[in-house]
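Asks: build the 3D model from these lines:
(chains A and B)
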Amino acid sequence: TQLLEQSPQFLSIQEGENLTVYCNSSSVFSSLQWYRQEPGEGPVLLVTVVTGGEVKKLKRLTFQFGDARKDSSLHITAAQPGDTGLYLCAGGSQGNLIFGKGTKLSVKP
Amino acid sequence: NAGVTQTPKFRILKIGQSMTLQCTQDMNHNYMYWYRQDPGMGLKLIYYSVGAGITDKGEVPNGYNVSRSTTEDFPLRLELAAPSQTSVYFCASRRGTGLVATNEKLFFGSGTQLSVL
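Replies: The predicted structure follows:
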């Protein structure tokens, strides 16, 4: 069974701080997606990475796919309260997505 | 566009009751999914469909049934509700025409919070 481990599980920081969350697996994935979920809503796609070593930037968010396509990281620079939410990674496998348990981020003003 | 619409938003069931969670999408997507999300447990795939008339089991299908008579609708049926089915249920869809399917964006509904007491 393929698993995606996300760390940390919870993260509470002050506005303006930087942070990194991780998504790790012992399995190789064809692609890796990151979603953000706000309370009472469904997840919303942030990015898809497909090539080992790929780096994508979305404003203050930087996503990296590991060279071996087994892990990924999300770095947020100068976090803002609007970044608060549950961050989920999802790996592509045999036509479907496997989700990690998520990192719950709280950014305090 | 409305995207993916789920009803109801909240529901409380007694043990043994049955109900249908409704899901409809207006994007003409081929693939549709049902997930459940338990606290701290991520999203688990219940059932999915690759097109009208075709459904398949996911990771946690026991206690649920689905049908896909049209492209737009993908209802999830609970026949004999159990406390273990207390969860938040999400329906999702994607176009399903990409060469590498799992690179496509999944569009989620806003969820149904179900409690079985």
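Asks: neighbours around residue 44, how many?
Replies: You didn't pick a chain, so chain A it is. Neighbour count for residue A:44, taken as other C-beta atoms under 10 Å in any protein chain shown: 14. For glycine as for every other residue, the C-beta is placed from the backbone atoms N, C-alpha and C.
Asks: think we crossed wires, I meant chain B
Replies: Residue B:44 is flanked by 16 other residues according to other C-beta under 10 Å.
Asks: skipping its backbone neighbours, what lies nearest it in space?
Replies: Once flanking residues are discounted, residue B:44 sits nearest to residue B:60: 4.8 Å by C-beta to C-beta, 6 or more residues apart in numbering or on different chains.
Asks: look up how far chain A lies from that neighbour.
Replies: Separation of residue B:60 from chain A (C-beta to the nearest C-beta, to the nearest Å) stands at 12 Å.
Asks: which residues does that residue contact?
Replies: Contact analysis of residue B:60 by C-beta atoms under 8 Å, 6 or more residues apart in numbering or on different chains lists B:36, B:44-46.
Asks: how near is it to residue A:14?
Replies: 38 Å (C-beta to C-beta, to the nearest Å).
Asks: same deal with residue B:5?
Replies: If you go by C-beta to C-beta, the gap between residue B:5 and residue A:14 works out to 38 Å.
Asks: who's more crowded, these two?
Replies: Remark: of residue B:5 and residue A:14, residue B:5 carries more neighbours, 14 against 9, as counted by other C-beta under 10 Å.
Asks: in what helix or strand does that one lie?
Replies: Per DSSP states H and E: residue B:5 is located in strand B:4-7.
Asks: list the buried residues in that strand.
Replies: B:4, B:6 (16 or more other C-beta atoms under 10 Å in any protein chain shown).
Asks: mind listing what it pairs with, with the direction of each?
Replies: strand B:19-25 (antiparallel) (DSSP bridges).
Asks: check which element follows the partner strand along the chain.
Replies: strand B:31-37.
Asks: for the helix or strand just after that next one, packing partners?
Replies: Downstream of strand B:31-37, the next assigned helix or strand under DSSP H and E is strand B:43-51. For strand B:43-51, the helices and strands in contact under the criterion 3 or more C-beta pairs under 8 Å, 6 or more residues apart in numbering or on different chains; DSSP states H and E are strand A:96-99, strand B:31-37, strand B:54-57, strand B:64-66.
Asks: paired strands for the longest one, with orientation please.
Replies: In other words, strand B:31-37. Strand pairing (DSSP bridges) places strand B:31-37 next to strand B:43-51 (antiparallel), strand B:87-94 (antiparallel).
Asks: okay, the ones you listed in CSV with mean pLDDT and distance to residue A:96 next?
Replies: Formatted as CSV, the strands paired with strand B:31-37 follow (pLDDT from 0 to 100; distance: least, C-beta to C-beta, whole Å):
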stretch, mean pLDDT, distance to residue A:96
strand B:43-51, 93, 6
strand B:87-94, 96, 11
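Asks: pick the most buried one from these.
Replies: strand B:87-94 (a mean of 24; mean count of other C-beta atoms under 10 Å in any protein chain shown).
Asks: give me the residues contacting it.
Replies: A:42-43, B:4, B:6, B:21, B:23, B:25, B:27, B:29-38, B:43, B:46, B:74, B:76, B:101, B:104-109, B:111-114.
Asks: of these, buried ones?
Replies: Applying 16+ other C-beta under 10 Å to these flags A:42-43, B:4, B:6, B:21, B:23, B:25, B:29-37, B:43, B:46, B:74, B:76, B:101, B:104, B:106-109, B:111-112, B:114 as buried.
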